[in-house]
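Novice: I'd like to go over a predicted model; first the sequence, then the structure.
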Amino acid sequence: MKSILVLTDFSDNSENAAELGVKLCAKLNTNLLLFNTYVTNSAEAYVAEPWVAEDIFWGDDDSKDNLNKLATALKTDVEKLGSEDHKPVIYCDNGEGKLGIIIPGIIQKHHVEMILMGARAFNPDDDGLFGSDLNSTIQKSSRPVLVVPSKINLEELKKVVFATDFDESDMLAIHYLAKLSKLLNFELEIIHIIHPDKSGKEKSQKEIELEEQVSRLKYPSVTYHDIKGNDVAENILRIYKESGAGLLAMIHHQHSFIMRMLHQSTTKKLLDNQEVPLMIFPSKMK
(Lines give C-alpha, C1' and ligand atoms only; values in the text may rest on other atoms or scores of the structure.)
Protein backbone atom coordinates (compact mmCIF):
# COMPACT_ATOMS: atom_id res chain seq x y z
CA MET A 1 0.00 0.00 0.00
CA LYS A 2 1.19 3.53 -0.74
CA SER A 3 2.08 6.02 1.99
CA ILE A 4 1.80 9.72 2.66
CA LEU A 5 5.14 10.89 4.03
CA VAL A 6 5.14 13.58 6.72
CA LEU A 7 8.55 15.17 7.29
CA THR A 8 8.34 16.45 10.85
CA ASP A 9 10.45 18.59 13.14
CA PHE A 10 7.72 18.40 15.85
CA SER A 11 6.87 22.10 15.46
CA ASP A 12 3.24 23.27 15.55
CA ASN A 13 3.09 23.54 11.76
CA SER A 14 4.56 20.08 11.22
CA GLU A 15 2.04 18.65 13.68
CA ASN A 16 -0.69 20.39 11.65
CA ALA A 17 0.76 18.69 8.57
CA ALA A 18 0.64 15.31 10.34
CA GLU A 19 -3.01 15.84 11.35
CA LEU A 20 -3.86 16.72 7.74
CA GLY A 21 -1.93 13.63 6.66
CA VAL A 22 -4.33 11.38 8.60
CA LYS A 23 -7.33 12.90 6.78
CA LEU A 24 -5.64 12.66 3.39
CA CYS A 25 -4.76 9.02 4.04
CA ALA A 26 -8.44 8.31 4.68
CA LYS A 27 -9.37 9.90 1.34
CA LEU A 28 -6.50 8.46 -0.72
CA ASN A 29 -6.55 5.00 0.88
CA THR A 30 -2.91 5.16 2.00
CA ASN A 31 -0.93 4.67 5.19
CA LEU A 32 0.97 7.41 7.04
CA LEU A 33 4.74 7.56 7.53
CA LEU A 34 6.23 10.03 10.03
CA PHE A 35 9.88 10.80 9.37
CA ASN A 36 12.42 12.91 11.27
CA THR A 37 16.11 13.52 10.65
CA TYR A 38 18.62 13.77 13.48
CA VAL A 39 22.30 14.46 13.96
CA THR A 40 24.85 12.89 16.26
CA ASN A 41 27.46 14.72 18.28
CA SER A 42 30.07 13.72 15.70
CA ALA A 43 28.13 15.73 13.10
CA GLU A 44 28.08 18.90 15.20
CA ALA A 45 30.47 20.69 12.85
CA TYR A 46 27.94 20.40 10.04
CA VAL A 47 24.85 21.84 11.72
CA ALA A 48 24.74 24.65 9.14
CA GLU A 49 23.74 22.12 6.49
CA PRO A 50 20.01 21.88 5.61
CA TRP A 51 17.99 19.62 7.88
CA VAL A 52 14.29 19.02 8.33
CA ALA A 53 14.39 20.24 11.89
CA GLU A 54 14.95 23.84 12.85
CA ASP A 55 15.46 22.48 16.38
CA ILE A 56 18.21 19.92 15.86
CA PHE A 57 17.62 16.53 17.47
CA TRP A 58 20.87 15.13 18.78
CA GLY A 59 20.71 11.38 18.40
CA ASP A 60 18.43 8.56 17.51
CA ASP A 61 16.75 8.15 20.91
CA ASP A 62 15.36 11.70 21.12
CA SER A 63 14.06 11.42 17.58
CA LYS A 64 12.33 8.08 18.22
CA ASP A 65 10.76 9.29 21.47
CA ASN A 66 9.23 12.33 19.77
CA LEU A 67 8.03 10.27 16.80
CA ASN A 68 6.29 7.80 19.11
CA LYS A 69 4.60 10.64 21.02
CA LEU A 70 3.33 12.17 17.79
CA ALA A 71 2.12 8.82 16.46
CA THR A 72 0.23 8.15 19.72
CA ALA A 73 -1.48 11.55 19.48
CA LEU A 74 -2.46 10.93 15.84
CA LYS A 75 -4.11 7.61 16.69
CA THR A 76 -6.86 9.67 18.32
CA ASP A 77 -7.46 11.37 14.95
CA VAL A 78 -7.61 7.98 13.25
CA GLU A 79 -10.24 6.81 15.76
CA LYS A 80 -12.37 9.88 14.92
CA LEU A 81 -12.60 8.96 11.23
CA GLY A 82 -15.97 7.80 9.93
CA SER A 83 -16.96 4.16 10.06
CA GLU A 84 -16.67 3.84 6.27
CA ASP A 85 -13.36 5.74 6.03
CA HIS A 86 -10.06 4.01 5.44
CA LYS A 87 -8.14 3.79 8.72
CA PRO A 88 -4.45 4.41 7.97
CA VAL A 89 -1.68 2.57 9.78
CA ILE A 90 0.88 5.01 11.22
CA TYR A 91 4.55 4.14 10.82
CA CYS A 92 7.56 5.96 12.24
CA ASP A 93 11.06 6.17 10.84
CA ASN A 94 14.09 8.42 11.19
CA GLY A 95 17.51 8.87 9.68
CA GLU A 96 20.76 10.71 10.06
CA GLY A 97 21.86 13.09 7.33
CA LYS A 98 20.71 15.56 4.73
CA LEU A 99 17.20 15.45 3.31
CA GLY A 100 18.43 15.59 -0.25
CA ILE A 101 20.33 12.35 0.27
CA ILE A 102 17.65 10.56 2.30
CA ILE A 103 14.45 11.45 0.41
CA PRO A 104 14.86 9.33 -2.77
CA GLY A 105 15.38 6.15 -0.74
CA ILE A 106 12.35 6.82 1.47
CA ILE A 107 10.11 7.43 -1.56
CA GLN A 108 11.16 4.15 -3.16
CA LYS A 109 11.10 2.04 0.00
CA HIS A 110 7.69 3.19 1.25
CA HIS A 111 5.92 3.82 -2.09
CA VAL A 112 5.29 7.45 -1.20
CA GLU A 113 2.27 9.07 -2.85
CA MET A 114 2.74 12.58 -1.48
CA ILE A 115 5.03 14.45 0.93
CA LEU A 116 3.73 16.80 3.63
CA MET A 117 5.80 19.39 5.47
CA GLY A 118 4.96 22.09 7.96
CA ALA A 119 5.80 25.60 6.79
CA ARG A 120 9.04 26.92 8.22
CA ALA A 121 9.40 30.06 10.28
CA PHE A 122 10.57 33.09 8.29
CA ASN A 123 14.35 33.39 8.15
CA PRO A 124 15.58 36.73 6.72
CA ASP A 125 19.05 35.24 6.17
CA ASP A 126 17.74 32.54 3.84
CA ASP A 127 18.02 33.62 0.20
CA GLY A 128 16.07 30.67 -1.18
CA LEU A 129 12.46 31.15 -2.20
CA PHE A 130 11.22 28.25 -0.08
CA GLY A 131 14.09 27.69 2.34
CA SER A 132 16.90 25.16 2.24
CA ASP A 133 14.97 22.23 3.74
CA LEU A 134 12.06 22.50 1.30
CA ASN A 135 14.31 23.23 -1.67
CA SER A 136 16.43 20.15 -1.00
CA THR A 137 13.26 18.04 -0.73
CA ILE A 138 11.80 19.36 -3.99
CA GLN A 139 15.04 18.94 -5.90
CA LYS A 140 15.39 15.28 -4.94
CA SER A 141 11.72 14.28 -4.77
CA SER A 142 9.77 12.57 -7.53
CA ARG A 143 6.44 13.10 -5.72
CA PRO A 144 4.38 16.26 -5.00
CA VAL A 145 5.19 18.20 -1.84
CA LEU A 146 2.42 19.89 0.17
CA VAL A 147 3.55 22.68 2.51
CA VAL A 148 1.14 23.31 5.39
CA PRO A 149 1.34 26.72 7.14
CA SER A 150 -1.56 26.13 9.51
CA LYS A 151 -4.58 23.94 9.95
CA ILE A 152 -6.35 23.04 6.68
CA ASN A 153 -9.89 21.71 6.79
CA LEU A 154 -10.34 19.36 3.83
CA GLU A 155 -14.09 19.83 4.02
CA GLU A 156 -13.57 23.56 3.43
CA LEU A 157 -11.14 23.10 0.51
CA LYS A 158 -13.38 24.20 -2.37
CA LYS A 159 -10.86 25.41 -4.94
CA VAL A 160 -7.22 24.84 -5.93
CA VAL A 161 -5.36 27.27 -8.22
CA PHE A 162 -2.62 25.77 -10.42
CA ALA A 163 -0.21 28.18 -12.14
CA THR A 164 1.52 26.90 -15.28
CA ASP A 165 3.55 28.21 -18.23
CA PHE A 166 2.62 25.01 -20.07
CA ASP A 167 5.81 23.07 -20.05
CA GLU A 168 5.10 19.55 -21.27
CA SER A 169 5.74 18.05 -17.82
CA ASP A 170 2.97 20.25 -16.38
CA MET A 171 0.31 17.91 -17.75
CA LEU A 172 1.35 15.25 -15.22
CA ALA A 173 0.60 17.72 -12.42
CA ILE A 174 -2.71 18.76 -14.02
CA HIS A 175 -3.85 15.15 -14.30
CA TYR A 176 -2.77 14.51 -10.71
CA LEU A 177 -4.75 17.51 -9.44
CA ALA A 178 -7.78 16.65 -11.57
CA LYS A 179 -7.91 13.15 -10.08
CA LEU A 180 -7.39 14.59 -6.60
CA SER A 181 -10.29 16.98 -7.18
CA LYS A 182 -12.63 14.02 -7.61
CA LEU A 183 -11.49 12.48 -4.32
CA LEU A 184 -11.53 15.72 -2.31
CA ASN A 185 -14.37 17.43 -4.17
CA PHE A 186 -12.70 20.73 -5.06
CA GLU A 187 -12.67 22.90 -8.20
CA LEU A 188 -9.39 23.16 -10.10
CA GLU A 189 -8.61 26.52 -11.71
CA ILE A 190 -5.71 26.36 -14.16
CA ILE A 191 -3.95 29.66 -14.84
CA HIS A 192 -1.78 29.73 -17.95
CA ILE A 193 1.04 32.22 -17.48
CA ILE A 194 2.04 33.94 -20.73
CA HIS A 195 5.46 35.59 -20.84
CA PRO A 196 5.18 39.37 -21.53
CA ASP A 197 7.43 38.96 -24.59
CA LYS A 198 4.83 36.63 -26.10
CA SER A 199 1.82 38.90 -25.46
CA GLY A 200 -0.02 39.55 -28.72
CA LYS A 201 1.84 36.78 -30.53
CA GLU A 202 0.29 33.61 -31.87
CA LYS A 203 0.41 30.62 -29.56
CA SER A 204 3.03 27.98 -30.23
CA GLN A 205 2.05 24.53 -31.42
CA LYS A 206 3.06 23.16 -28.01
CA GLU A 207 0.74 25.58 -26.20
CA ILE A 208 -2.13 24.74 -28.56
CA GLU A 209 -1.62 21.00 -28.01
CA LEU A 210 -1.46 21.38 -24.22
CA GLU A 211 -4.61 23.54 -24.20
CA GLU A 212 -6.37 20.84 -26.20
CA GLN A 213 -5.26 18.25 -23.66
CA VAL A 214 -6.71 20.35 -20.85
CA SER A 215 -9.98 20.81 -22.74
CA ARG A 216 -10.25 17.02 -23.16
CA LEU A 217 -10.02 16.39 -19.42
CA LYS A 218 -13.25 14.73 -18.38
CA TYR A 219 -13.50 16.60 -15.12
CA PRO A 220 -16.37 19.13 -14.95
CA SER A 221 -14.74 20.93 -12.01
CA VAL A 222 -11.71 22.08 -14.07
CA THR A 223 -11.59 25.65 -15.46
CA TYR A 224 -8.85 27.40 -17.43
CA HIS A 225 -7.75 30.92 -18.42
CA ASP A 226 -4.69 32.96 -19.43
CA ILE A 227 -2.75 35.67 -17.59
CA LYS A 228 -0.55 38.10 -19.51
CA GLY A 229 1.66 41.01 -18.51
CA ASN A 230 4.50 41.82 -16.15
CA ASP A 231 2.67 41.55 -12.80
CA VAL A 232 2.22 37.79 -13.09
CA ALA A 233 3.06 36.88 -9.50
CA GLU A 234 0.76 39.55 -8.08
CA ASN A 235 -2.06 38.42 -10.41
CA ILE A 236 -1.67 34.79 -9.35
CA LEU A 237 -1.99 35.74 -5.70
CA ARG A 238 -4.87 38.12 -6.44
CA ILE A 239 -6.78 35.35 -8.22
CA TYR A 240 -5.93 32.96 -5.42
CA LYS A 241 -7.39 35.30 -2.79
CA GLU A 242 -10.41 36.55 -4.77
CA SER A 243 -11.47 33.05 -5.82
CA GLY A 244 -11.54 31.79 -2.26
CA ALA A 245 -9.00 29.09 -3.10
CA GLY A 246 -7.51 27.10 -0.25
CA LEU A 247 -4.40 25.85 -2.02
CA LEU A 248 -1.92 27.19 -4.60
CA ALA A 249 -0.12 24.64 -6.78
CA MET A 250 2.79 24.97 -9.20
CA ILE A 251 5.62 23.09 -10.91
CA HIS A 252 9.13 23.74 -9.64
CA HIS A 253 11.17 24.42 -12.77
CA GLN A 254 14.26 26.05 -11.30
CA HIS A 255 14.75 28.61 -14.09
CA SER A 256 11.20 28.91 -15.43
CA PHE A 257 9.42 32.20 -16.00
CA ILE A 258 7.02 31.52 -13.13
CA MET A 259 9.80 30.82 -10.64
CA ARG A 260 11.60 34.03 -11.67
CA MET A 261 8.38 36.01 -11.21
CA LEU A 262 7.83 34.47 -7.78
CA HIS A 263 11.16 35.93 -6.64
CA GLN A 264 9.67 39.42 -6.86
CA SER A 265 9.97 41.12 -3.49
CA THR A 266 6.28 41.32 -2.52
CA THR A 267 5.49 37.77 -3.51
CA LYS A 268 8.72 36.38 -2.08
CA LYS A 269 7.85 37.90 1.29
CA LEU A 270 4.42 36.24 1.25
CA LEU A 271 5.87 32.86 0.28
CA ASP A 272 8.76 33.25 2.73
CA ASN A 273 6.19 33.67 5.49
CA GLN A 274 4.36 30.75 3.88
CA GLU A 275 0.91 32.09 4.64
CA VAL A 276 -0.38 30.31 1.54
CA PRO A 277 -0.73 26.50 1.51
CA LEU A 278 1.42 25.30 -1.40
CA MET A 279 1.52 22.10 -3.39
CA ILE A 280 4.78 21.96 -5.34
CA PHE A 281 5.31 19.43 -8.10
CA PRO A 282 8.94 18.55 -8.85
CA SER A 283 9.88 18.83 -12.51
CA LYS A 284 10.99 15.17 -12.48
CA MET A 285 7.71 13.90 -11.03
CA LYS A 286 6.91 10.28 -11.89
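Specialist: That came through fine.

Novice: tally of neighbours for Lys87?
Specialist: 15 (other Cβ atoms under 10 Å). Where you see a C-beta, it was placed from the backbone N, CA and C, and this is true even at glycine.

Novice: Count the residues that sit near the nearest residue to Thr8 once chain neighbours are set aside.
Specialist: Leaving aside its sequence neighbours, Thr8 sits nearest to Ser14 (Cβ to Cβ, 6 or more residues apart in numbering; 4.3 Å). Burial of Ser14 is recorded as 25 neighbouring residues (other Cβ under 10 Å).

Novice: pLDDT score for Ser14?
Specialist: At Ser14, the model reports a pLDDT of 90.

Novice: quick one, helices of the stretch 101-250 of the chain?
Specialist: When assigned using DSSP state H, counting those that start in this stretch, the helices of the stretch 101-250 of the chain occupy the ranges 132-140, 170-184, 205-215, 232-242.

Novice: In the chain, where is pLDDT below threshold?
Specialist: The model of the chain has pLDDT under 70 over residues 39-59, 121-132, 195-201, 229-230, 253-274.

Novice: can you map out the strands along it?
Specialist: 3-7, 31-38, 90-96, 112-118, 145-148, 159-164, 187-193, 222-227, 247-252, 278-282 (DSSP state E).

Novice: can you list those in CSV and add mean neighbour count and distance to Gly21?
Specialist: Output for those, formatted as CSV (neighbours: other Cβ atoms under 10 Å; distance: least, Cβ to Cβ, whole Å):
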stretch, mean neighbour count, distance to Gly21
strand 3-7, 28, 5
strand 31-38, 23, 5
strand 90-96, 18, 9
strand 112-118, 24, 5
strand 145-148, 24, 9
strand 159-164, 23, 18
strand 187-193, 21, 21
strand 222-227, 14, 25
strand 247-252, 23, 15
strand 278-282, 22, 14
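
Novice: so which of those comes closest to Gly82?
Specialist: Closest of those to Gly82 is strand 31-38, at 16.8 Å (criterion: Cβ to Cβ).

Novice: isn't Ile138 right up against Met279?
Specialist: No. Checked against Cβ atoms under 8 Å, the pair Ile138 and Met279 is beyond contact range at 11.1 Å.

Novice: returning to that earlier point: just name the most buried of the helices of the stretch 101-250 of the chain.
Specialist: Stretch with highest mean neighbour count among these: helix 132-140 (a mean of 21; mean count of other Cβ atoms under 10 Å).

Novice: mind checking the longest helix of this protein?
Specialist: Ranked by residue count and defined by DSSP state H, the top helix of the chain is helix 60-79.

Novice: on that earlier part again, which neighbours do Ile138 and Met279 share?
Specialist: Common contacts of Ile138 and Met279 (Cβ atoms under 8 Å, 6 or more residues apart in numbering): Val145.

Novice: and the residue nearest to Asp165 when sequence neighbours are not counted, how far is that from Phe166?
Specialist: Distances taken as Cβ to Cβ, 6+ apart put Ile193 closest to Asp165, at 4.7 Å, once the chain neighbours are dropped. The gap separating Ile193 from Phe166 is 8 Å, by Cβ to Cβ, to the nearest Å.

Novice: cool, Glu79 as well?
Specialist: Glu79 is 44 Å from Phe166, by Cβ to Cβ.

Novice: Can I get the strands of the chain in TSV including distance to Thr72?
Specialist: Formatted as TSV, the strands of the chain follow (distance: least, Cβ to Cβ, whole Å):
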stretch	distance to Thr72
strand 3-7	15
strand 31-38	11
strand 90-96	9
strand 112-118	19
strand 145-148	21
strand 159-164	32
strand 187-193	36
strand 222-227	40
strand 247-252	29
strand 278-282	28
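
Novice: Which one of those strands lies nearest to Leu70?
Specialist: Closest among those, once you apply Cβ to Cβ, is strand 31-38, at 6.0 Å.

Novice: what lines up beside that closest one in the sheet?
Specialist: Applying DSSP bridges, strand 31-38 is found paired with strand 3-7 (parallel), strand 90-96 (parallel).

Novice: Ok, which of the ones you listed comes nearest Phe162?
Specialist: Closest among those, once you apply Cβ to Cβ, is strand 3-7, at 20.0 Å.

Novice: got the angle for that closest one vs helix 60-79?
Specialist: Orientation of strand 3-7 against helix 60-79 (axes from the mean of the first three to the mean of the last three Cα atoms, to 10 degrees) gives an angle of 130 degrees.
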